[in-house]
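**Student:** requesting a structural model of the entry that follows:
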Amino acid sequence: MTKSFWRRPATWVGLSLSAVLLLVAGAGTGIGGIIMMAGFIALFTGGYTFVTRRRSWLALQGRRAGAGLAIGALVAVFLGSGVYAVTGHGPGVARSAPSTEPTSRAAAASTAPTATGRSTPIPSTTPTPSSSPTVTVTPTPTPTPTPTPSSSAHPSNTALALLQTLPVKGRAPKTGYDRTVVFGPAWKDVDRNGCDTRNDILRRDLAKVTIKPGTHGCVVLTGTLRDPYTGTTIAFQRGQGTSTAVQIDHVVALMDAWQSGAQQLTQAQREALANDPLNLLAVQGRANEQKGAGNAATWLPKNKAYRCAYVARQITVKARYRLWVTAPERDAMARVLAACPGQKIATAGTVRLMPDAVATAPAPKKASTAPAKPKPAPAKPKPAPAKPGPRVVRPGSFCTPAGSTGATAKGTPMRCILKPGEPRARWRSG
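**Tutor:** All right, here's what the predicted structure looks like:
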């Protein structure tokens, strides 16, 4: 080759790229891969020269040179593929020792699988010595498949098993939601026990309850709540500004229920959902307000010890009323229940009236049996003050006003008289 060939940058670029490709092919597929890669490089170069009639990086020019290189490249590709098929996938692959056909068939027959699905070797007679080595086939035992966890691993009465039966869908729109219209008035007496739902739940969830007399065991006056959401203890007292300390929470919020299937329920079913003791809990008012309409994906109780029971109650309610869960909601529930896989489904508890009695109503004040103390006698009226006597004056002294009366120290009556020509009046006997 001429010196100009080695001085061309295209020559060095082509040689460098070709060397890299040949090394990669040789490392992966051996000598056969190297021959095929060289054929592909030559095919590309010859095609370029044939089509463009320009000098390639190999210093070939013209269609005749390009066509010749391309034909040689095709031969190299076919040759390389043949070598690749004979030598295997690469230089590091172990090759099997040659064996005679009868020996291989006997070895295959000796590893025929039994009815149990495992390979059981069958002893064979020692073959006649021959110049060709035989291949001994070692049977590979079939691994026992590991059972895949499924809902059958959990009893049917657990919240985790019930969760797997709930449909998973997206949230429906809020269109048409009105609390009073679609779920009925708040705390309706749906069980017809003569008491509103709020007081039913207060009697169920509070301890040390006192009942307002005359309400047939219905209205709660005071009680103590062990709040499940925060773990704190709250003293409840009925009254303006104090009743809101304890509120009744819908475990499955009514807005969430509306967006997860309650739109398809009848009016009676929705009112039952809104007043179902299974879906109601007496809780701290602030915690209830923080929850709002959130589901398990957006809100969980601060008290972590109650989260399993809380999620189990939500799942039980949604299953009872054929509501669905969203994918994030399902995942959040599953994460909580992973710590308590045996958590049972929830129950509504017992709601009962409490009769008016000393045990539940404030005790009346006892009347005193001691004799009443006599009332004190009325105070005597004070004597009227004595009328003042006549004014004591001195005869001849100036006085005012004219016409007023008085008396001397000896009791002589006097009068204040102004005579004509005098500038001032004087006391004179009258």
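
**Student:** what's the single longest helix in the protein?
**Tutor:** Secondary structure assigned by DSSP state H gives helix 9-52 as the longest helix of the chain.

**Student:** report the buried residues of the next helix or strand after that helix.
**Tutor:** Of the helices and strands lying after helix 9-52 in sequence (DSSP states H and E), the nearest is helix 63-87. Within helix 63-87, the residues that count as buried by 16 or more other C-beta atoms under 10 Å are 65-66, 69-70, 73, 76-77, 80, 83-84, 87. C-beta: built from backbone N, CA, C; applies to glycine.

**Student:** tell me which other helices or strands helix 63-87 touches.
**Tutor:** helix 9-52 (3 or more C-beta pairs under 8 Å, 6 or more residues apart in numbering; DSSP states H and E).

**Student:** same for the helix it packs on, what does it pack against?
**Tutor:** helix 63-87.

**Student:** now the helix it packs on, how far from the centre of its chain.
**Tutor:** Put simply, helix 63-87 sits 66 Å off its chain's centre (C-alpha atoms, centre = their mean, to the nearest Å).

**Student:** so for that helix, mean pLDDT?
**Tutor:** The average pLDDT within helix 63-87 is 75.

**Student:** and the angle from it to helix 9-52?
**Tutor:** Following axes from the mean of the first three to the mean of the last three C-alpha atoms, to 10 degrees, one obtains 100 degrees for the angle between helix 63-87 and helix 9-52.

**Student:** which residues sit against helix 63-87?
**Tutor:** Residues outside helix 63-87 that contact it (C-beta atoms under 8 Å, 6 or more residues apart in numbering) are 29-43, 45-51, 53, 56, 58, 60.

**Student:** related to what we said a few turns ago, nearest to Ala186 among the buried residues of helix 63-87?
**Tutor:** Taking C-beta to C-beta as the measure, Ala186 lies nearest Tyr84 of those, at 81.1 Å.

**Student:** show me how far the longest helix of the chain is from its chain's centre.
**Tutor:** 60 Å.

**Student:** can you check stretch 322-338 too?
**Tutor:** 9 Å.

**Student:** re the thing from before, the buried residues of helix 63-87 into TSV, with extra columns for distance to Arg426?
**Tutor:** Below are these laid out as TSV (distance: C-beta to C-beta, whole Å):
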residue	distance to Arg426
Ala65	169
Gly66	165
Leu69	167
Ala70	166
Ala73	165
Ala76	167
Val77	164
Gly80	165
Val83	168
Tyr84	163
Thr87	166
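
**Student:** for the residues you listed, which one is nearest Ala159?
**Tutor:** Nearest member of the buried residues of helix 63-87 to Ala159, counting by C-beta to C-beta, is Tyr84, at 59.9 Å.

**Student:** which helix or which strand is home to the residue nearest to Ile345 when sequence neighbours are not counted?
**Tutor:** Using C-beta to C-beta, 6 or more residues apart in numbering and skipping the chain neighbours, the partner closest in space to Ile345 is Thr316 (4.7 Å). Counting by DSSP H and E, the element that carries Thr316 is helix 307-320.

**Student:** contact partners of the helix or strand just after that helix?
**Tutor:** Sequence order places helix 327-337 as the next helix or strand after helix 307-320, per DSSP H and E. Residues from elsewhere that reach helix 327-337 (C-beta under 8 Å, 6+ apart): 159-160, 163, 166, 168, 295-297, 300, 307-308, 311-312, 314-315, 325, 343.

**Student:** and the helix or strand following helix 327-337, what does it pack onto?
**Tutor:** Per DSSP H and E, the first helix or strand lying C-terminal to helix 327-337 is strand 405-407. Under the contact criterion of 3+ C-beta pairs under 8 Å, 6+ apart, strand 405-407 touches strand 413-417.

**Student:** list the helices and strands the strand it packs on packs on?
**Tutor:** By 3+ C-beta pairs under 8 Å, 6+ apart, strand 413-417 packs against strand 405-407, strand 426-429.

**Student:** of those, which is nearest Val251?
**Tutor:** Per C-beta to C-beta, nearest to Val251 of those: strand 405-407, 98.5 Å.

**Student:** buried sites along the closest one?
**Tutor:** 406-407.

**Student:** got a list of contacts for it?
**Tutor:** If you take C-beta under 8 Å, 6+ apart as the criterion, strand 405-407 is touched by 389-393, 399, 413-416, 427, 430.

**Student:** return the members of these classed as buried.
**Tutor:** By 16+ other C-beta under 10 Å, these give 393, 399, 414-416, 427 as buried.

**Student:** can you list these in JSON lines and add pLDDT and distance to Val351?
**Tutor:** Shown next, in JSON lines, are those (pLDDT from 0 to 100; distance: C-beta to C-beta, whole Å):
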{"residue": "Val393", "pLDDT": "76", "distance to Val351": "97"}
{"residue": "Cys399", "pLDDT": "83", "distance to Val351": "97"}
{"residue": "Met414", "pLDDT": "83", "distance to Val351": "100"}
{"residue": "Arg415", "pLDDT": "84", "distance to Val351": "99"}
{"residue": "Cys416", "pLDDT": "86", "distance to Val351": "97"}
{"residue": "Trp427", "pLDDT": "78", "distance to Val351": "100"}
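
**Student:** not including adjacent chain positions, what is the nearest residue to Thr242?
**Tutor:** That would be Phe236: by C-beta to C-beta, 6+ apart, it lies 7.8 Å from Thr242.

**Student:** residues in contact with that neighbour?
**Tutor:** 202, 206, 220, 222-225, 242-243, 245-246.

**Student:** ok, now Ser18?
**Tutor:** Applying C-beta under 8 Å, 6+ apart, the residues near Ser18 are 38, 41.

**Student:** please repeat the previous calculation with a cut-off of 6 Å.
**Tutor:** Ile41 (C-beta atoms under 6 Å, 6 or more residues apart in numbering).

**Student:** measure it to Ala10 for me?
**Tutor:** According to C-beta to C-beta, to the nearest Å, Ser18 stands 12 Å off from Ala10.

**Student:** where does the stretch 301-430 of the chain have low pLDDT?
**Tutor:** Across the stretch 301-430 of the chain, the ranges flagged by pLDDT under 70 are 356-375, 379, 383-389, 430.

**Student:** ok, now with 90
**Tutor:** Residue ranges of the stretch 301-430 of the chain with pLDDT under 90: 349-430.

**Student:** what's the neighbour count on Arg179?
**Tutor:** By other C-beta atoms under 10 Å, the residues close to Arg179 number 13.
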